[in-house]
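Asks: build the 3D model from these lines:
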Amino acid sequence: MLDESDNWGRWGHDDERGALNLLTPEVVAAAAGCVREGRVLELSLPIRGATSSPAPTTVPHLRGRPLPQHFMSVDGGDYAAGTRAVGAGLKMADDALVVTPHGTTTHMDALCHMWSGDRLYNGHSADRVRSYGAGRCGIDKAGPVVARGVLFDIPRLKGVPHLAVDDRIGPDELQACLDEAGVELRPGDVAVVRTGWPLVWQSEGPEGYWAGQPGLSADGGRWLAARDVCVVAADNAAIGGLNARQLADEDLADDLHMILLWRHGVYLAEMLWLEELAEAGRAEFLFVAAPLRIEGGTASPINPIAVL
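Replies: From the prediction side, this is the model:
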């Protein structure tokens, strides 16, 4: 099914920020009205360096992706260097971190992450994406996200701890979540979709997690884009579902990254941890996330938070 709709040109032909343009001061101020308790929940997985031996078996990630590398550039064995650096009698530790966000950490995709043909989102030329960074639509163009978050807790709707590997979430299930909570989507909302799939890593280990993944269907993505969400965030690795080869089965027209990122400029936040948020039972909340200002980056690690 070919999706002909898009947001190209909607915010000007030079636009590189996409649906985040929906976050006007009025929309942000209204989102702040969701805060009732002042309770803050982190929605990210930990960054646990692969140089720590248990890391590959303790943090969900896609098979074969390079895990984060965390080094102590000045550690307990380097106190002499630390003393010289900061003065007599003082100690110092320092870090070095190498992260490839896609598939290994909680992160936000930039609009330059995926495209078709020779054009990025909004018609920008794809030849500006090079090894030194993307000259158009990099993650540095996004800026902070402060918006109303709306939780679509699909496992709760179905009465299961997590979805099955081949489940694909469509418009009917998304609407049912809203109906049950008595909430309507508004332009500029962040749609937060829970599949519960990270729990499989805990219960069945990496092989169970790598057997595939549930996620949004193409029509589910179109439904969200038509309602002007600015971000789709999920606790799976690719927003849409994956097969056992960790690839999407959809063709190009139905690929969620093409529908949301490329056509509509809707950002994707992947590999969130949503269990405490689900336990809180709040369908709407203040969602805050700030990608790093990596010039020309295709993504950035984020630590999204929900303020209840």
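
Asks: listing partners with orientation, what would you give for the lengthiest strand in the chain?
Replies: The strand that spans the most residues within the chain, counting by DSSP state E, is strand 145-153. Strand 145-153 pairs in its sheet with strand 190-194 (parallel), strand 284-289 (antiparallel), by DSSP bridges.

Asks: turn these into JSON lines, including distance to Asp153 and mean neighbour count.
Replies: Glycine gets a C-beta too; all of them are placed from N, C-alpha and C. Written out in JSON lines, the entries for these read as follows (distance: least, Cβ to Cβ, whole Å; neighbours: other Cβ atoms under 10 Å):
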{"stretch": "strand 190-194", "distance to Asp153": "5", "mean neighbour count": "27"}
{"stretch": "strand 284-289", "distance to Asp153": "12", "mean neighbour count": "24"}
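
Asks: for these, give me JSON lines that also has mean pLDDT and distance to Leu111.
Replies: Formatted as JSON lines, the entries for the strands paired with strand 145-153 read as follows, by pLDDT from 0 to 100; distance: least, Cβ to Cβ, whole Å:
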{"stretch": "strand 190-194", "mean pLDDT": "98", "distance to Leu111": "16"}
{"stretch": "strand 284-289", "mean pLDDT": "98", "distance to Leu111": "16"}
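
Asks: could those strands go into TSV alongside distance to Pro214?
Replies: As requested, those are exported to TSV (distance: least, Cβ to Cβ, whole Å):
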stretch	distance to Pro214
strand 190-194	10
strand 284-289	22
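
Asks: what's the neighbour count on Glu275?
Replies: Here the neighbour count serves as a burial measure; for Glu275 (other Cβ atoms under 10 Å) it reads 18.

Asks: how much space between it and Gln202?
Replies: To Gln202, Glu275 is 10 Å away according to Cβ to Cβ, to the nearest Å.

Asks: now Val266
Replies: As for Val266, its distance to Gln202 is 30 Å (criterion: Cβ to Cβ).

Asks: and the two? which has more neighbours close in?
Replies: Under the neighbour definition other Cβ under 10 Å, Val266 and Gln202 were set side by side, and Val266 has more, 29 against 12.

Asks: where does Asn21 land in three-state SS?
Replies: helix (DSSP: H, G, I helix; E, B strand; the rest coil).

Asks: neighbours of it, how many?
Replies: Counted with other Cβ under 10 Å, residues neighbouring Asn21 total 15.

Asks: apart from its neighbours in sequence, what residue is nearest it?
Replies: Across the structure, with Cβ to Cβ, 6 or more residues apart in numbering as the measure, the residue nearest Asn21 apart from its sequence neighbours is Trp11 (4.5 Å).

Asks: wait, Phe307 sits on Leu43?
Replies: No Phe there; residue 307 is Val. No. With contact defined as Cβ atoms under 8 Å, Val307 and Leu43 do not form a contacting pair (10.9 Å).

Asks: tell me which of these two has more neighbours.
Replies: Neighbours of Val307 and Leu43, each counted by other Cβ under 10 Å, are more numerous for Leu43; the result is 24 against 19.

Asks: phi and psi next, for that one.
Replies: Here the main-chain torsion angles of Leu43 (degrees, to the nearest 10) amount to phi -120, psi 20.

Asks: burial check on Val146, number of neighbours?
Replies: Neighbourhood size, Val146 [other Cβ under 10 Å]: 19.

Asks: ditto for Asp14
Replies: When neighbours are counted by other Cβ under 10 Å, Asp14 registers 9.

Asks: the most centrally placed residue in the chain: which element?
Replies: Closest residue to the average C-alpha location of the chain: Ala269 at 1.2 Å, with Cα atoms, centre = their mean. Taking DSSP states H and E as the definition, Ala269 sits inside strand 267-270.

Asks: cool, Trp223 as well?
Replies: Element membership of Trp223 [criterion: DSSP H and E] is helix 218-226.
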